[in-house]
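> 3D, please:
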Amino acid sequence: MKLKEYLKVIEEFIADYLEKSHQKQYVLGLSGGVDSSLVAALTKEAVGKDKLTCIMIPINSHPSDLIDAKELAEDFDLNYEVIDLSKAYHEVVEAFESQGIELDRSTKANIKVRLRMTTLYGYAQKVGGLVIGTDNADEKYTGYFTKYGDGGVDIQPITHLLKSEVVEASKIMGVKKHLAERVPTAGLFEGQTDETEMRVKYDVLDAYLSGKEIDEASKERIEYLHRISEHKRVPIPECEEFNRDE
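Now for the predicted structure:
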């Protein structure tokens with residue numbers, strides 16, 4: 001199947017799930033990155049403008065993130081809201097520090113992501129909506145998403161697309177080249193990029209997930225990331241059933 005044809009499959013999936021859920025619309029966290037840009041374009045095409053609201057949630061973010069997200073929203077004529085959580089984030093961190101609990105950079109970053117998801121669900125409940133996710137195949141396999149953060153959603157439409165396919169698909173959908181090819185980053189701290197954090201390049205990840213040969217060090221790194229993140233992909237473990245008749 002050609003990528004352009006598969007995008008139609010994704011659109012049908014998005015439209016069918018909303019109808020079956022008996023909810024009114026989708027709510028999407030729009031970051032300015034290519035993954036959320038693609039999902040925004042696909043969702044609007046699938047269900048229409050009035051059944052999608054994009055939420056931009058800066059938390060001491062680089063100004064370019066909001067600029068890019070707004071540009072995408074205006075290009076596609078999307079409904080959107082901006083909810084700045086910088087003050088709320090600092091209050092959460094200060095609550096820990098007031099108890100003498102120092103948080104490292106990674107923990108602080110994950111608090112930002114979980115605050116964003118709390119905001120999306122708060123808005124979704126208000127409008128009778130579902131939160132739509134943006135994780136791609138590379139992120140799913142390596143666990144490069146925050147548990148109960150960007151991984152906490154109601155539907156994941158692009159988890160079978162490699163990062164390079166996401167970029168190509170976004171261009172097919174009409175996303176501008178400079179937005180489609182933007183350096184992947186969650187904007188969680190100064191200088192942060194996906195590839196720096198994962199310590200593996202997306203093109204190498206794409207090659208590995210496509211069944212191609214890659215260098216041994218990269219293979220070991222990818223499998224390590226997959227192994228330690230398994231708990232993010234499986235259902236929450238439960239104890240064996242309580243047999244009350246024994």
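> now what about the helix or strand of the chain with the lowest mean pLDDT, what contacts it?
Ranked by mean pLDDT, DSSP states H and E, the helix or strand of the chain with the weakest confidence is helix 194-198, at a mean of 87. Helix 194-198 is contacted by residues 142, 144, 184, 185, 186, 201, 202, 205, 221, 225 when judged by C-beta atoms under 8 Å, 6 or more residues apart in numbering. (C-beta placed from N, C-alpha, C; glycine too.)
> ranking these by neighbours, who comes first?
residue 205 (28 neighbours; other C-beta atoms under 10 Å).
> With the flanking residues excluded, which residue is spatially nearest to that one?
residue 138 (4.6 Å; C-beta to C-beta, 6 or more residues apart in numbering).
> Count the neighbours of that neighbour for me.
So residue 138, with other C-beta under 10 Å, has 27 neighbours.
> Within the helices and strands, which one has it?
Assigned by DSSP states H and E, residue 138 belongs to helix 137-142.
> do the same with residue 131
Residue 131 belongs to strand 129-131, assigned by DSSP H and E.
> buried sites along that strand?
Neighbour-count burial for strand 129-131 flags 129, 130, 131 (criterion: 16 or more other C-beta atoms under 10 Å).
> List the contacts of the second one.
Neighbouring residues of residue 130 by C-beta under 8 Å, 6+ apart: 17, 18, 21, 23, 25, 26, 27, 124, 154, 155.
> And the helices in this structure, which stretches?
Along the chain, the stretches classed as helices by DSSP state H are 3-21, 34-47, 63-75, 86-97, 105-127, 137-142, 163-172, 177-180, 194-198, 202-209, 216-228, 230-233.
> Give the buried residues for the first one.
Along helix 3-21, the positions that meet the burial threshold by neighbour count (16+ other C-beta under 10 Å) are 7, 10, 11, 14, 15, 17, 18.
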